[in-house]
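> Just need the structure, nothing else, for what follows:
(2 chains)
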Amino acid sequence: MSRVLSAVAWPYANGPRHIGHVAGFGVPSDVFSRYMRMAGHDVLMVSGSDEHGTPILIAADEAGLTPQQLADQNHRVIAEDLAALGCSYDLYTRTTTRNHHAVVQEMFTGVYENGYFVEQTTYGAISPSTGRTLPDRYIEGTCPICKTPGARGDQCDACGNQLDPADLIDPVSKINGETPEFIETQHFFLDLPALAEALTAWLDERAETGLWRPNVIRFSQNILKEIRPRAMTRDIDWGIAVPLDGWRENPTKKLYVWFDAVIGYLSASIEWARRTGDADAWRAWWNDPEALSYYFMGKDNITFHSQIWPAELLAYSGKGDKGGTEHSLGTLNLPTEVVSSEFLTMEGRKFSSSKKIVIYVRDLLSRYQPDAFRYFVASAGPENQDSDFTWSEFVRRTNDELVAGWGNLVNRTANLIAKNFGEIPAAGQLQPEDEAVLAAAEAAFGTVGDLISRHRQKAAIGEAMRAVGEVNKYVSDLEPWKMKGEDQRERLGTVLHVVAQCVADLNLVLSPFLPFSANDVDKALGGTGEIAPMPQIVDADDLDGGDGYPIITGDYTTAPSWQRHPITVGLPVAKPTPVFRKLDTAVVEEELERLGG
RNA sequence: GGGGCGUUAGCUCAGUCGGUCAGAGCAGAGGACUCAUAAUCCUUGGGUCGUGGGUUCGAGCCCCACACGCCCUACCA
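Numbers count the residues shown, from 1 in each chain, chains lettered A, B, ... in the order given. This next block holds a predicted model:
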């Protein structure tokens, strides 16, 4: 039993999130967290909306809103979507809270005082009309190498060369068409080279565990070779102020989002603790070196979680070449494991909102059961390599595996019991075949749990479904529907009791993957339907006097332990309604119609 | 340009330390059964493991090259 921090990537709030995002971090982190709680660990699962940065400014301008208004809208949508997916956050918050601002500034101050920031002058583009930094990708012009017009500031798509936007011929802003101004500007850089040794030691130690996914650890070690200082401030007027005299008051200098968003894991833990009434409760997950932390994200975020975030933690804790002292947040734990997934594609193509190659979480959930999607992600998601979401495969997985396999077992079990006893029957003398199937179902706790703890969820759910197949086979072999007459009554009861026990076992085993239907299945077998606790959206006050905002939270302590719980003889079982909805194959064409080009 | 990943049966994918590794699910074919959402159960899988070399007694699994796809490489997040 240990403290486990489930740190889940912070969705960027410039719009609603599509299923590729939640397939990468949302579902896997929730499966892991639900399992770890049932296995007896003290889990703290945190995340929130990432709301600062240039893209939100641009999206707000386009929508005619202030950045805060846009963030408010999108934060609510994203939070509602994640809750509707059943993601069991202890706290899902946001980066525009006063608490978060204060924690980020404390981190900055600690890193600054320990000497891990270097001030450097850089040469970059700004928008003359707004004074904001113009990121390279928002500049285009004629490529100085191949003379192709329309090259992006960072790279020419025509010749593939990397470019410096200052070299572009006739550069223009893609945002408003104006000519960017190139200026010299001062910024704080995180002195990553001074932290490289500590980072290397940490990664080497992590590599030795053999637990990280091979490509994640390899990639992380590789990027250490070319480590260099990275800017942690920006010329922008939407973000967290730099807490230093002369900077604090400057409206166009803010902390870079990557000194902002990743700190959310810590600030959300602190906010969670403050909301529980024990303001120091978060320290058990952050200051105790025995505590474990798992970070869930897509592969595009590996750099920030295996290099920049640990570097910030080391710098704040004074653990780099320059030494330093401990500050008020104490010595902070580095990640135990960076659990990165790959990317989901959509019908063989990259997700693209502009090209309408997309399905948003909200749209999917308006038409399909959350567990059908969770089943797809768990069994066919981008766990170790890119994987493809297709509507035909979604329908097939749902109908042929989820409904036909697990759904049917539940349904036939409840039907047989309802029809013959109307309640869970008592078991008589067990035969070898009864013992065998009971053993198989109980063994699933061990095999499936072990696989989930090692982040092999595809194998885990496959193992659970294999066990489902064994129970289906048991039912077919024993043919309880043929056991008629008083002389076979006891045997019939025994067989149905055994099946019900197996279904109850497998329902628990599947509950991290399929929390909604786990409750339905429990009810179908006479239970109260409270197997899998669900998150709640709560309109919360800002703890420090700012505007209120919706959060996701919940009490997940009621989840049963990860082991067989003997079923209760005599619980009433009525004729069931199917737990899972079978999909009409016509939805494939309907959904493909909705996709663009 | 640099770094990394992937390419295994019609489809989606497993294959940890090189030697029953040539597999699973689905689809397809045949059969059984009828409790169940025409669900379930049984039988049925010969695919040059992307291509070409190499190391080895032996290679999807190690090395090299090539092809195709993808990710990172950016003051995007």
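> Could you look up the SS state of residue A:178?
Using DSSP: H, G, I helix; E, B strand; the rest coil, the structure places residue A:178 in coil.
> burial count for it?
Neighbour count for residue A:178, taken as other Cβ atoms under 10 Å: 13. (C-beta placed from N, C-alpha, C; glycine too.)
> Can you read off the backbone torsions of it?
Backbone geometry at residue A:178, expressed as degrees, to the nearest 10, gives phi -80, psi 160.
> Check the one 5 residues further on too.
Its backbone dihedrals place residue A:183 at phi -130, psi 160, with angles given as degrees, to the nearest 10.
> list the contacts for it?
The contact partners of residue A:183, taken as Cβ atoms under 8 Å, 6 or more residues apart in numbering, are A:123, A:124, A:125, A:126.
> Mind telling me what element residue A:268 is part of?
Using DSSP states H and E, residue A:268 falls within helix A:264-276.
> just checking: which of the contacts of residue A:183 also lie near RNA strand B?
A:123, A:124, A:125 (Cβ under 7 Å from any atom of the strand).
> The last one and residue A:134 touch, don't they?
Yes: the pair residue A:125 and residue A:134 qualifies as a contact (Cβ atoms under 8 Å) at a distance of 4.2 Å.
> Which neighbours do these two have in common?
Jointly contacting residue A:125 and residue A:134 under the rule Cβ under 8 Å, 6+ apart are residue A:180.
> Which residue is the nearest non-sequential neighbour of residue A:190?
In space, and not counting its chain neighbours, residue A:190 is closest to residue A:232: 5.0 Å by Cβ to Cβ, 6 or more residues apart in numbering.
> Give me the next element, helix or strand, following the helix holding residue A:268.
Once the chain leaves helix A:264-276, the next helix or strand it forms, by DSSP H and E, is helix A:283-286.
> which outside residues touch that following helix?
Contact with helix A:283-286 is made by A:3-5, A:42, A:44, A:266, A:269, A:273, A:291, A:293, A:329-330, A:332-333, as judged by Cβ under 8 Å, 6+ apart.
> For that helix, list the C-alpha coordinates in PDB.
The C-alpha trace of helix A:283-286 is given here as PDB (Å, rounded to 0.1, in the frame of the first residue of the first chain):
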ATOM      1  CA  ARG A 283       2.900  16.700   1.200                       C
ATOM      2  CA  ALA A 284       2.400  13.000   1.700                       C
ATOM      3  CA  TRP A 285       2.400  12.700  -2.200                       C
ATOM      4  CA  TRP A 286       5.200  15.200  -2.900                       C
END
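> ok so, going back, list the contacts for the residue nearest to residue A:190?
Residue A:232 makes contacts with A:108, A:117, A:187, A:188, A:189, A:190, A:255, A:256, A:258, A:259, as judged by Cβ under 8 Å, 6+ apart.
> Which entries within those residues meet the buried criterion?
With neighbours counted by 16 or more other Cβ atoms under 10 Å, these contain buried members at A:108, A:117, A:187, A:188, A:189, A:190, A:255, A:256, A:258, A:259.
> Return the member of the contacts of residue A:183 nearest to residue A:494.
For the contacts of residue A:183, the closest approach to residue A:494 (Cβ to Cβ) belongs to residue A:124, at 76.1 Å.
> Find me the pLDDT at the closest one, would you?
Listed pLDDT for residue A:124 reads 76.
> Show me where the stretch 351-500 of chain A has its strands.
Along the stretch 351-500 of chain A, counting by DSSP state E, counting those that start in this stretch, strands occupy A:387-389.
> RNA strand B contacts on that one?
Listed as neighbours of RNA strand B in the stretch 351-500 of chain A under the rule Cβ under 7 Å from any atom of the strand: A:380, A:383-388, A:393, A:396, A:400-401, A:403-405, A:407-408, A:411-412, A:415-416, A:419, A:458-459, A:462, A:469, A:472-473, A:475-477, A:479, A:481-482.
> That concludes my questions; thank you for your assistance.
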